[in-house]
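Asker: No letters, just coordinates:
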């Protein structure tokens, strides 16, 4: 099979397309012929050696795959050859095929394309877990989404809207905001030209927002923290802006604000049943038309470095995926 291989940690351009033996299949695994693979910001971090998980070299990047089941292990139930599925792996997604633990394989709706499915699990899983499990977002509450047109930000807009929140989308250009509006944002803030705190004060009548979803960090985090209302919740997803903010504890105290970290990946090991239930809900919403995954760019497998660079440039809206040509 073809696979993208990281032989040495460094820049994405050091990745190479190689021909490797197909991986062996164990009793509880499913072999997937990959049609598309999701590209995530963490892929670039892993290739550069700065991600929290560091697989031994050489390795094939990629956490998300979508395709057709080609073979099942002897202990596998609930999944059959020919099923259209998406799957999660710790490494190995940038390839023609992958073997995936059956616990991490999910059938996809007939109307869902492989590219949409490949970019679905991490972004939508993250946003649903963050807003439902950790933020306890309620219908009618106000949700501010920073980086609202990015890979996870856009899913937070969609899911917040589906959960009945009033969504305020903040992004760095009118074009990105238009995408967020198409997915349910009620109000838009252009962070390149507008004062975030002033606009939030105006939009909430000075009350502040109930929940902040932040995958960006940096100065926007500081402004959003000061714009939360009483018993507001700051959900910390990541630091795509590059700067990890420091939180003044007095700001949390005065308004009873909660600053809540959320790393979705840990739930796959510590509470897999909760992850599966979440995907049942999310894929049901896809079938009902409540969620419409947005893939902004697709690249051929051999162009993996270009795909990672698009994410690092923060120019993409929604998800970026690789396709294998199947």
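Answerer: Yes, it's here. Just so it is clear, the structure is predicted and the values come from calculations on it, not from any experiment.
Asker: so residue 210 touches residue 230, yeah?
Answerer: No: proximity of residue 210 to residue 230 does not meet the contact threshold set by CB atoms under 8 Å, at 9.2 Å. From N, CA and C alone the C-beta is placed, and that goes for glycine too.
Asker: Could you check which of those two has the larger neighbour count?
Answerer: residue 210 (23 against 11; other CB atoms under 10 Å).
Asker: And for the nearest residue to the more buried one once chain neighbours are set aside, the neighbour number?
Answerer: Across the structure, with CB to CB, 6 or more residues apart in numbering as the measure, the residue nearest residue 210 apart from its sequence neighbours is residue 141 (3.9 Å). When neighbours are defined as other CB under 10 Å, residue 141 has 21 of them.
Asker: who touches residue 141 in this structure?
Answerer: Contacts for residue 141 (CB atoms under 8 Å, 6 or more residues apart in numbering) come out as 165, 166, 210, 211.
Asker: Within the helices and strands, which one has the residue nearest in space to the middle of the chain?
Answerer: Nearest to the mean C-alpha position of the chain, counting by CA atoms, centre = their mean, stands residue 123 at 1.9 Å. When elements are defined using DSSP states H and E, residue 123 is found to belong to helix 121-128.
Asker: now that helix: mean pLDDT?
Answerer: In this model, helix 121-128 has a mean pLDDT of 96.
Asker: Which pLDDT value goes with the residue nearest to residue 210?
Answerer: The per-residue pLDDT reported for residue 141 equals 98.
Asker: coming back round to it: so who does the residue nearest to the centre of the chain touch?
Answerer: Contacts of residue 123 were listed using CB under 8 Å, 6+ apart, and they are 151, 152, 154, 155, 319.
Asker: Which one of the residues you listed sits in the busiest neighbourhood?
Answerer: Counting neighbours by other CB under 10 Å, the one among the contacts of residue 123 with the most is residue 154, which has 32 neighbours.
Asker: Distance check, that residue against residue 1.
Answerer: Computed as CB to CB, to the nearest Å, the residue 154 to residue 1 distance reads 32 Å.
Asker: List of residues touching the strand or helix carrying residue 210?
Answerer: With secondary structure defined by DSSP H and E, residue 210 is part of strand 209-214. For strand 209-214, contacts defined as CB under 8 Å, 6+ apart pick out 127, 130-131, 135, 137-138, 141-147, 153, 156, 160, 165, 168, 200, 220-221, 224-225, 227-229, 231-237.
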